[in-house]
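# below: sequence and its predicted model.
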Amino acid sequence: MPTEAKRATVAELKEEIAGTHAAIVADYRGLSVGELRVIRRSLREHGVSYRVVKNRLAKIAAQEAGREELVGLLDGPTGLAFGQTDEVTLAKAFLDAVRPFRTVTVRGGVIGDRRIEAGEVSRLAELPPREVLLAQLAGGVAAPLTGLASVISAPLRNLGYALSQVAAQKEANTPSA
């Protein structure tokens, strides 16, 4: 029979899982309470929360939240990182926070309704931030348009140059009075 505390934990986890677009699952085995505190503090600066969860309760919460893809990652000592930030920031912040602690291993994660493996979390962390990607996209769209505008205006510009040279030649050829 589940206790009231377990029901409250499941409800809280369900709310967190349903309210986030991405989550990272890691094995926290070998970390002390102080080291977990350091990781949480580092992640909090980036808007990411880190919770050590009981697998059975986390599985129930994931199923109730409609995030079935998370259930397969919940095996062994489990820590969940949730963020209200974009996926790239979540992955970078998490991997940076756990880098000093060699015992932490990433099992994978969930983005939207898609499960990702540990290697994909690492590749996600290597991407530039969202703002840089948007700037690169804008530059990629603007460059051809700038070239097109230059090509379209070239005949008119060349005509202007030719007319100014003709005017300069006529001025040079007319005798000064």
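Okay, I see it. Numbers count the residues shown, from 1 in each chain.

# excluding sequence neighbours, find me the nearest residue to T9.
L57 (5.4 Å; Cβ to Cβ, 6 or more residues apart in numbering). Just so you know, the C-beta spots here come from the backbone N, C-alpha and C atoms, and that holds for glycine as well.

# so which elements touch whichever strand or helix holds that neighbour?
Assigning secondary structure by DSSP states H and E places L57 in helix 55-64. Helix 55-64 sits against helix 4-19, strand 78-83, with contacts defined as 3 or more Cβ pairs under 8 Å, 6 or more residues apart in numbering; DSSP states H and E.

# tell me who's in contact with the residue nearest to T9.
K6, T9, V10, L13 (Cβ atoms under 8 Å, 6 or more residues apart in numbering).

# buried among these? Make that a ChimeraX selection.
Only the buried entries of the contacts of L57 go into this ChimeraX selection, using 16 or more other Cβ atoms under 10 Å:
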select :9,10,13
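
# the contacts of L57: which two are farthest apart?
Greatest spatial distance in the contacts of L57: K6 and L13, 10.4 Å, computed using Cβ to Cβ.

# ranges for the strands of the protein?
For the chain, the strands defined by DSSP state E occupy 22-27, 48-53, 78-83, 105-111, 114-117.

# what is the rounded mean pLDDT of the shortest one?
Pointing back at strand 114-117 there. Average pLDDT, strand 114-117: 89.

# quick check: neighbours of that strand in the sheet, parallel or antiparallel?
strand 105-111 (antiparallel) (DSSP bridges).

# residues of the strand it pairs with that come out buried?
For strand 105-111, by 16+ other Cβ under 10 Å, it's V106, R107, G108, G109, V110, I111.

# who's in contact with Y28?
Counted by Cβ under 8 Å, 6+ apart, Y28 has contacts L36, V52, P77, T78, G79, T103, V104.
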